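Undergrad: A structural model of the following input is requested.
(2 chains)
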Amino acid sequence: MGVSTQSTNNKSGSSPVHFKSRPVTALFVILVGIVGLILGLIASISVGAADIKFMTVWEAVFQFDKNLTQHQIIRELRLPRALASAIVGASYAVAGAIMQGMTRNPLADSGLLGINAGAGFVLALCFAFNPGITVLGLMLYCFLGAGIGAGIVFGIGSLSRTGLTPIRLALSGAAVSALLLALSEGIAIHYRIGRDLAFWYAGGVAGIRWSQIWIMLPWVFGAILVSIIISRSITILSLGDDVAVNLGQRTTFIKVIGSIAVLILAGSSVSVAGSIGFIGLIIPHMARYLVGVDYRWIIPSSAVLGGLFVVLADMGARMINAPTETPIGVLIALIGVPFFLYIARKRGDN
Amino acid sequence: MVESARNLWQKSRGFTVIISLVLLIVLVLLISMNTGFIRLTPLEVIRTFFGGGTDKQHLILFDFRLPRIVISILIGMGLAVSGCILQGITRNGLSDPGILGINAGAGLAVLTYIMYFPTTISAPVFFLPMLAFVGASGTASLIYMLSFKKNEGASPIRLILNGIGIAAAISAATVAITLRLSPEKFQFVERWNAGAIWGTNWKFVLALLPWILILIPYSFYKSRTLDVLNLGEQLAAGLGAKVEGERLRLLAVAVALAGACVAVSGGISFVGLIAPHLARRLVGSKHQILLPTSALAGGLLVIISDTIGRVAFQPSEIPTGLVIAVIGAPYFLYLLARSKEK
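TA: Numbering: from 1, shown residues only, chains lettered A, B, ... in the order given. A predicted model of the protein is given here:
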């Protein structure tokens, strides 16, 4: 009991105001988020090099006419792009939320912890040695790469006697990313695939095809569903391993399931949209701020808010410097870094 | 009595270490001159070196290989001393100009310049180190200001976390610029980012040399101050050091060294981390002997990596920075796993 009160105190010490969970607010956030997401999707479809009226968007979706160019643009270019933004955003955000909960590390994010770099390294290998690989194959390899990156980072972090502190994880993530990026760059230079890879580093949802979405969707959907199912246990894990064990949680089992979900979410997003960092950092913090500390609410709100965030960011990326597109990964990093600095300043002290 | 005996032992040991490092550098230098696309036998190298040899051998040796080797050594020395100073003033063994984002800042400045400059070859060489210095010092002061809190100064943990964050922002900006470049500039920048030592003629040696020749001896001169700072802020202040002032001055030296080196070398990380660590293992932590040893270790590390990069995947060259990252990152992770600090 002594241990549990201590950990609870720590938790409330780091976020004194938002300790309680707020189901009503959470429901409200999710509903508003979904409405926002739908509006965002429609807006995202209408905005672009050729401006399209709202009614045309509606017709293209529900009364598709093959002979109209605008309908073609919407069906083949804009719609998959907008949907992919939403899916990728939701995946990265939920992956970040699970990691933050399981490791109790406020700086957890798939980009910062070497997971994206791991997937990217495998991506470079695929581009170099097996350029004709199928979408599904690429994605499965990315799961593997994400696992390698995460494995090294967490392995190193936990090898040391003082355990997985946030600063150690951050450093280990930075070093592993540096190593994996160096290897990828080496491959890129040797096999002359630098430009392909550079677009991957920058992250982007342009040119996404329906086939990619259909292959990605079941994995992402399944992983988010699983993470919602285990969300109660993640909440308990977020109070500390000791508490979780005392409350009869099978911590290892939950951690394994959670990690697999993270790898699937991050890996499939990387394989489709490239490495986009900081979504998994920003969105769960926002969600926690809004709905409290219960992961049963944090995870679904993160999914909705993450989707909305990336849909808007993609729209921004198209509009800021039109007609040139700003890479979405860059845009999000420019929002994410100040946020990272803020969190590091707030939490890095204790 | 015991103290002085220990001192004496350390000094003689330091002396041995330094001599061995110099010998090793000479050895690798000879090997490195031999290796490359066109092979020269050791005898040919020596003969050419002393004035003999054919014109072609002369050209290869003096105009291609030697400047590159000299530059590798200078870069290694500069980055190592920079890292050693940073580790001293932050009192954190994991500091390195690459990890703290200083190299990235220098890189961004150079990259911005390249973007607006018509061709890469005609860029005025002497101007680049200065430009890189501006970028590096801008980044360093930003990180320092963000990490500074009243009454506490800049805590090492905050310095590192902010460094990681700023480095991420800079690399995002770098990607954004890179994607807009024309193909041939893109290729140059790609290699530059990977730490391909690109300034491989004597002009670049001359551009880099003044920075190294002034700043490294100056840091040797300040070695006692570094020792005192290493004792911790309060003790240092008690011993009469003007802590914040000295720290800033030394930080400026470290940043200037890193910036100048990065301008010529491109993105090379981990040298400033590994070399001082190796040196500390060999000669202990007195900066008087630690700084020169780190410098030599750094020079050795870069020249070895450069040679490996040229040989490993012939005929294509692996940028030196990549070789160093592949050696350096595991070593960094090893240090991280062993460290007891938070």
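Undergrad: And the strands in chain B?
TA: Using DSSP state E, the strands of chain B run over residues B:148-149, B:153-154.
Undergrad: Which of these comes out lowest on mean pLDDT?
TA: Mean pLDDT per stretch puts strand B:153-154 lowest among these, at a mean of 64.
Undergrad: Which residues of the stretch 201-342 of chain B lie near chain A?
TA: If contacts are counted using Cβ under 8 Å from any Cβ of the partner chain, the residues of the stretch 201-342 of chain B sitting beside chain A are B:269-270, B:313, B:316, B:318-319, B:321-322, B:325-326, B:329-330, B:332-333, B:336-342. Where you see a C-beta, it was placed from the backbone N, CA and C, and this is true even at glycine.
Undergrad: For ChimeraX, write a command that selects the buried ones of the residues you listed.
TA: Buried members of those can be picked out in ChimeraX with the line below, counting by 16 or more other Cβ atoms under 10 Å in any protein chain shown:
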select /B:269,270,318,319,321,322,325,326,329,330,332,333,336,337,339
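Undergrad: Please name the residues that touch residue 102.
TA: Using chain A here. When contacts are counted by Cβ atoms under 8 Å, 6 or more residues apart in numbering or on different chains, A:Met102 is found next to A:Ile234, A:Leu237, A:Ser238, A:Ile254, A:Lys255, A:Gly258, A:Ser259.
Undergrad: That was the other one, I meant chain B.
TA: Contacts here follow Cβ under 8 Å, 6+ apart; on that basis B:Ile102 touches B:Ala136, B:Thr139, B:Ala140, B:Ile143, B:Gly163, B:Val255, B:Ala258, B:Gly259.
Undergrad: where does it sit relative to B:Ala176, distance-wise?
TA: Taking Cβ to Cβ, to the nearest Å as the measure, B:Ile102 falls 20 Å from B:Ala176.
Undergrad: A:Arg195 too?
TA: As it turns out, when the distance is counted by Cβ to Cβ, A:Arg195 lies 15 Å from B:Ala176.
Undergrad: and if you look at A:Leu265?
TA: 26 Å.
Undergrad: for A:Gly173, same thing?
TA: With the distance defined as Cβ to Cβ, A:Gly173 ends up 22 Å from B:Ala176.
Undergrad: More neighbours: the two, which one.
TA: With other Cβ atoms under 10 Å in any protein chain shown as the criterion, A:Gly173 and B:Ala176 differ in neighbour count, and A:Gly173 comes out ahead with 29 against 18.
Undergrad: Setting the sequence-adjacent residues aside, check what's closest to that one.
TA: In this structure, A:Gly173 finds its nearest non-sequential neighbour in A:Leu113, 4.2 Å apart by Cβ to Cβ, 6 or more residues apart in numbering or on different chains.
Undergrad: surely the one you found meets A:Val153?
TA: Yes: counting by Cβ atoms under 8 Å, A:Leu113 touches A:Val153, with 5.2 Å between them.
Undergrad: out of these two, which sits in the more crowded spot?
TA: Higher neighbour count among A:Leu113 and A:Val153: A:Leu113, with 32 against 28, using other Cβ under 10 Å.
Undergrad: got the phi/psi numbers for the more buried one?
TA: phi -100, psi 20 (degrees, to the nearest 10).
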